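In: Okay, predicted coordinates and the sequence, questions at the end:
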Amino acid sequence: MNTVRRAAAAALAAVAVLGTGAAGQASAAPSPTPTTGKLPAGLYGTKDPTYDGVWRQSLAFLAQRATGYQPSDRAVEWLLGQQCDDGSFASYRADAAKPCDAKTMRDTNATAVAVQALAAVRRQSAAPEKADQAVKDGTAWLKTVQNEDGGWGYGVGGASDANSTSVVVGALAATGTRPTTFTSAGGRTPYDALLAFALPCTDKEGPGAFAYQPDKAGKLFANADATAAAALAGLGKSMVATKASPEQAPACADLSKPTPERAALNGASYLAKALAKTHHLVQPPMPGAADAAEQPDFGNTADAVVALSAAGAAKEAMPALEWLEKNSAAWAKENGPAAYAQLVLAARATETDPRKFGSVDLVERLNAAGPAPKSPDTSASSTTSDDEDSGFDLWWIIGIGTVVGVGIGFLLSGRKK
């Protein structure tokens, strides 16, 4: 999903410069200037953070909390400093001392993932009240930019898409807010938007999948990345979801009135079939390169593993997880903290030890990508699940064989996790 975010951010920035195609505030935003020079001390990673600074910081926080670590106070303070006064986040602000203005390119994805991350770390942070207020302000801002159809686009005023809407649903789950109560001015919920992107089981190319957005003619095309994101959202879960039980083989079933959960399970069925042959997803061809060899998509494969496990299809997810164990080391090293975080969350979703992920200790690599985190906390308070901090267990650290109190959010049908 990080790849999609970078592409969307870059495209939005380019559109803004040209003054064409984007709607609302996004059309007035200037292209971000690539960062040069020394990066902030609290930031994870060493690469240019222009398009993913907040995203990779937030994913690192989520994965660290999932392995029992608390990010350093300096790292948390950096993320808090990225927030605008209205509660929103941009992908990255090089000069956080300068107030956000009309030219600041606010980002629904960055805001939603930052809300999730701050909700996870706030209790153990040096300034819990400040972090708590940041979570409330970020959630409130997302409400103000919800589209009439109930969803969100990447930029303010942009057409809703499955990925952006799903990231916001994850933020709502992380803060204990039911998506069905988060309605637009037109009375639509995020699930109304997501269901509009769901393909029927009779679709020949992508039965049960989700599209990113309709094309100009209104036609939906299957998108594996959007499907992984929307499957989690349909189950009321975020990207830190864990293995559901009892397990069940994914199957596609059309209903006259599809529910979010049914659409999510249909999406899981599509993902299982997409992974069955090679055990990994592939990157879509770049414009003008339709004949180029297909390249593995490591990040979206990791996301698909989480989605399948959350849908009760961990058995179908394991071949892809094993493929990642054998093949993802070079990709993760090149892409840094967000990549390590995605792999940690995929391992967690399948109850696989991230410290023995093939030949790599994912936890060690992730922790080394930023300021040294605080040591693991195995106290009772750190492992208690509730509406705010559920899902951040230490089962591989303290030797518990099965996940207890897993998940972040809820299943609409009340299925056992």
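Out: Yep, that arrived.

In: just for the stretch 151-300 of the chain, where's the confidence low?
Out: 285-292 (pLDDT under 70).

In: residue ranges of the helices in it, please?
Out: 162-174, 190-195, 224-234, 260-276, 298-310 (DSSP state H, counting those that start in this stretch).

In: Retrieve the pLDDT associated with the closest residue to Lys374 other than its chain neighbours.
Out: Distances taken as CB to CB, 6 or more residues apart in numbering place Gln70 nearest to Lys374, at 4.2 Å, with adjacent residues excluded. Placement of C-beta: from N, CA and C, glycine included. Gln70 carries a pLDDT value of 97.

In: Around Gln70, count how many other residues there are.
Out: Counted with other CB atoms under 10 Å, the neighbours of Gln70 add up to 22.

In: And Ala171, by the same measure?
Out: Around Ala171 there are 28 residues (other CB under 10 Å).

In: OK, contacts around it?
Out: Ala171 sits next to 111-113, 115-116, 119, 138-139, 142, 238 when contact means CB atoms under 8 Å, 6 or more residues apart in numbering.

In: do Ala222 as well
Out: Taking CB under 8 Å, 6+ apart, one finds 199, 203, 205-206, 209-211, 270 in contact with Ala222.

In: Next, format the residues you listed as JSON lines and append neighbour count.
Out: Formatted as JSON lines, the contacts of Ala222 follow (neighbours: other CB atoms under 10 Å):
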{"residue": "Leu199", "neighbour count": "24"}
{"residue": "Asp203", "neighbour count": "17"}
{"residue": "Glu205", "neighbour count": "9"}
{"residue": "Gly206", "neighbour count": "21"}
{"residue": "Ala209", "neighbour count": "31"}
{"residue": "Phe210", "neighbour count": "33"}
{"residue": "Ala211", "neighbour count": "22"}
{"residue": "Tyr270", "neighbour count": "25"}
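
In: Rebuild these as a markdown table, extending it with distance to Trp331.
Out: Below are those laid out as a markdown table (distance: CB to CB, whole Å):
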| residue | distance to Trp331 |
| --- | --- |
| Leu199 | 29 |
| Asp203 | 31 |
| Glu205 | 27 |
| Gly206 | 25 |
| Ala209 | 24 |
| Phe210 | 24 |
| Ala211 | 26 |
| Tyr270 | 24 |
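
In: Would you mind confirming that Leu343 makes contact with Ser328?
Out: Yes - counting by CB atoms under 8 Å, Leu343 sits close enough to Ser328 to count as a contact (6.1 Å).

In: Would you mind listing the residues touching both of these two?
Out: What both Leu343 and Ser328 touch, as defined by CB under 8 Å, 6+ apart, is the set Ala302.

In: Please say which of these two ends up with more neighbours.
Out: Neighbours per residue (other CB under 10 Å) separate Leu343 from Ser328, with Leu343 holding more: 31 against 26.
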